[in-house]
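*Asks:* Turn this into a model:
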Amino acid sequence: MTALRALLRHGRVVVALGVLATACAAVPPAADPASDAPEGPRAAAPGYKAPPTYAEALRGWRSAEDVNAWIGARFEYDMARAMRLSETQRSRGGRLPIHAPEAFYESPRGVCVDLARFGVETLRAIDPAAKPAYLMIEFTPVSVAGNTLRRHWVAAYERDGKHYFFADSKRPGHIAGPYASTQAYIEEYARYRGREIVAHRERATYERQERRAARRQERPAAP
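*Replies:* Prediction:
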């Protein structure tokens, strides 16, 4: 009987340790608040076969899930470009063009706004009914290597009255949703990122509105 009780106690300990290990494995790693890059190495997607060209992708893809699968398999984050696109560098006149979807498909390396542009413009081409849009997220600023980083971009869309978000450089290949509202996503995303979100806006373009307004003012009046 003593031996049996000892075995039962040992069994309970083993089961308890197993449950604890499973619970720990289920907890996602904390996000690095100072970076928009993916967390750690990503699993390979050996079974994924991308269309050979962007034009063929547009002909074959039908939904955000198709775009997202390609992002998860192909996207690479470019930290050096992130520094060049920081507020610090842009204030010194160091503006860089945002990668166009066709070029990005050929060389899928960039930062959050490059990826968001690819997600939004591609989804507009294949599924405009999803109402694709940019979501600009403004965090409290952080400084990395002397460069101020504040804004982050993801792609947003709607389906059956619910809100979804993807093309996020922090979580490439992940679709967040459904959410009842954008605000619900923002609250959850702030907890995941470990950073305070001070503002957010859904926008039709990644371009600064004041620049677009200036261009309109510069156009000559019609005769």
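*Asks:* Give the buried residues for whichever helix or strand Tyr185 is part of.
*Replies:* Under DSSP states H and E, the secondary-structure element containing Tyr185 is helix 182-193. Along helix 182-193, the positions that meet the burial threshold by neighbour count (16 or more other C-beta atoms under 10 Å) are Thr182, Tyr185, Ile186, Tyr189, Ala190, Arg193. Quick note: C-beta positions are derived from backbone N, CA and C, even for glycine.
*Asks:* quick one: low-confidence ranges for the protein?
*Replies:* When residues are selected by pLDDT under 70, those of the chain lie in 1-30, 42-45, 91, 94, 209-223.
*Asks:* circling back to that earlier point, contacts made by the helix holding Tyr185 with the rest, please.
*Replies:* Helix 182-193 has contacts (C-beta atoms under 8 Å, 6 or more residues apart in numbering) with 28, 31, 33, 135, 137, 139, 156, 163, 165, 170, 176-177, 179, 196-197, 200, 202.
*Asks:* Same check on stretch 58-72?
*Replies:* Counting by C-beta under 8 Å, 6+ apart, residues outside stretch 58-72 touching it are 42, 45, 48, 50-51, 57, 108, 115, 118-119, 122-123, 125-127, 130, 157, 164, 166-167, 172-175.
*Asks:* just checking, which of the residues you listed belong to helices?
*Replies:* Ala57, Leu115, Phe118, Gly119, Thr122, Leu123, Ala125, Ile126 (DSSP state H).
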